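Visitor: Predicted model and sequence below, questions to follow.
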Amino acid sequence: MVLFCFVAAVFVLGLWQQVHGEIKENHGVGKCNIYEGKWVYDTSYPLYNSSSCPFILQEFNCQKNARPDHLYLKYRWQPTSCHLSRFNGKDFLIRMRGKRLMFVGDSLSANQWQSLTCLLHSAVPCAPYTITRIGGISTFHFPTYGLSIMFSRNAFLVDIVIQNGARILKLNSISGGLIWNGVDVLIFDTWHWWLHTGRKQSWNFVQYSSKTFKDMNRMVAYEKALTTWARWVNSNVNPNKTKVFFQGVSPDHMDSREWADPRGKTCTGEIGPLQSRSYPGGAHPAQVVLEKVLRTVKKPVHLLDITTLSQLRKDGHPATYGYGGRRGMDCTHWCLPGVPDIWNQLLYTSLI
């Protein structure tokens, strides 16, 4: 088994060099904006195969769920003014040895967490690992490297509490911060659940300061919650210990008129990205609010500005090849392998 893993690693390394030339030690991108660019076809992609990542959740495993096309797997992100280093899982593990990384957010955060664990496992397929879940925290641990990649499910970042049988969304309260303290790398995310109504709505009332409301304009509530999170960062993060990232708003593709297709269809049947550098539907309104709040944070916070590049990937969702199969439609989450792998490539570039 050990011999097989060694031979496999040598083969993969050799193939990487054939496709991309010599491995570059200098990962710097200078003043280049790595989030401006376009998707280009690359036969060396995807970065791993779903069959080599046995722990992918069913809802993200589009190939196992019989998605018939493969073209969506063959695109990489190319910044306009620089070269983006290919994700190097072994280098990531060495650089992050002994550290803890935590993704905090909703199922889009879980999407990115699963992507990173697949990228790292495929880089060292023989390295032992454990997956545990205690309460709302899932941990993928590489004991050889002393590295823990965690996911804390927290869809709103601020608190929801039960009072007199009612669920109260407390826009000023953020007790989740107790488990974030001291983590080496934090990657936050929130947006997807803010627009849910009816049976999918997570609260009965909204509380802000001393006032309680039956509901509130969702964008206003979102901004107030982000402002509470920003205060937590300013008061609690030690930049010498912890690096903070915020995953930009992950877009859905439920209406093709947003990408200049007048049919008004969903992402079903889409097999390739938009071949442009901007999205016809324009800036995502939640991203505008997020960037506004981030400008108020006094501590260093890096925005993983994945919104526009993900808007261009109308083809990257499970559609009917997710958990619900033909009975469901998922144009919100992303297939793995797929777009979240590029998010983690950008995270890797920002960390090094």
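Guide: Structure received.
Visitor: quick one: contacts for the residue most central in space within the chain?
Guide: Nearest to the mean C-alpha position of the chain, counting by C-alpha atoms, centre = their mean, stands residue 112 at 3.4 Å. By C-beta atoms under 8 Å, 6 or more residues apart in numbering, the contact list for residue 112 reads 103, 187, 189, 247, 340, 343, 344. (Each C-beta comes from the backbone N, C-alpha and C, glycine too.)
Visitor: would you say it is within a strand?
Guide: No. Counting by DSSP: H, G, I helix; E, B strand; the rest coil, residue 112 is not found in a strand; it is helix.
Visitor: For this protein, name the helix or strand with the lowest mean pLDDT.
Guide: Lowest mean confidence among the helices and strands of the chain (mean pLDDT, DSSP states H and E): helix 2-20, at a mean of 39.
Visitor: Name the residues of the next helix or strand after that helix that come out as buried.
Guide: Using DSSP states H and E, the helix or strand that follows helix 2-20 in sequence is strand 37-41. Across strand 37-41, burial judged by 16 or more other C-beta atoms under 10 Å covers 37, 38, 39.
Visitor: Which strands and helices lie in contact with strand 37-41?
Guide: strand 75-79 (3 or more C-beta pairs under 8 Å, 6 or more residues apart in numbering; DSSP states H and E).
Visitor: Flag every buried residue along the strand it packs on.
Guide: So, applying 16+ other C-beta under 10 Å, buried residues of strand 75-79: 75, 76, 77, 79.
Visitor: Next up, the contacts around the first one.
Guide: When contacts are counted by C-beta under 8 Å, 6+ apart, residue 75 is found next to 39, 40, 41, 42, 45, 272, 273, 313.
Visitor: among the residues you listed, which two are most distant?
Guide: 42 and 313 (14.3 Å; C-beta to C-beta).
Visitor: which of those two has more neighbours?
Guide: residue 313 (25 against 16; other C-beta atoms under 10 Å).
Visitor: re earlier: and which of the buried residues of strand 75-79 is nearest to residue 254?
Guide: residue 75 (21.4 Å).
Visitor: Check the secondary structure at residue 167 for me.
Guide: With three-state DSSP as the criterion, residue 167 reads strand.
Visitor: what's around it, how many residues?
Guide: 13.
Visitor: how near is it to residue 219?
Guide: Taking C-beta to C-beta, to the nearest Å as the measure, residue 167 falls 20 Å from residue 219.
Visitor: again with residue 332
Guide: Counting by C-beta to C-beta, the gap from residue 332 to residue 219 is 18 Å.
Visitor: Residue 180 now?
Guide: Counting by C-beta to C-beta - residue 180 and residue 219 are separated by 25 Å.
Visitor: neighbour-wise, which of those two wins?
Guide: Neighbour tally, residue 180 and residue 219, criterion other C-beta under 10 Å: the higher count belongs to residue 180, 21 against 14.
Visitor: Residue 67 - nearest residue in space that isn't next to it in sequence?
Guide: Spatial nearest neighbour of residue 67, excluding adjacent residues (C-beta to C-beta, 6 or more residues apart in numbering): residue 321 at 4.0 Å.
Visitor: Okay, strands next: where are they in the stretch 151-300 of the chain?
Guide: 159-163, 166-170, 185-188, 205-208, 211-213, 243-247 (DSSP state E, counting those that start in this stretch).
Visitor: Return the member of the buried residues of strand 37-41 nearest to residue 98.
Guide: residue 37 (33.5 Å).
Visitor: Hmm, residue 273 and that closest one touching each other?
Guide: No. The pair residue 37 and residue 273 fails to qualify as a contact (C-beta atoms under 8 Å) at a distance of 11.6 Å.
Visitor: Surely residue 150 touches residue 135?
Guide: No. Applying C-beta under 8 Å as the test, residue 150 and residue 135 come out as separate, 11.6 Å apart.
Visitor: More neighbours: which of the two?
Guide: Each of residue 150 and residue 135 has its neighbours counted (other C-beta under 10 Å); residue 150 has more, 20 against 8.
Visitor: So for that one, what's the pLDDT?
Guide: On the pLDDT scale, residue 150 is placed at 98.
Visitor: quick check, it in a strand?
Guide: Yes. Assessed by three-state DSSP, residue 150 belongs to a strand.
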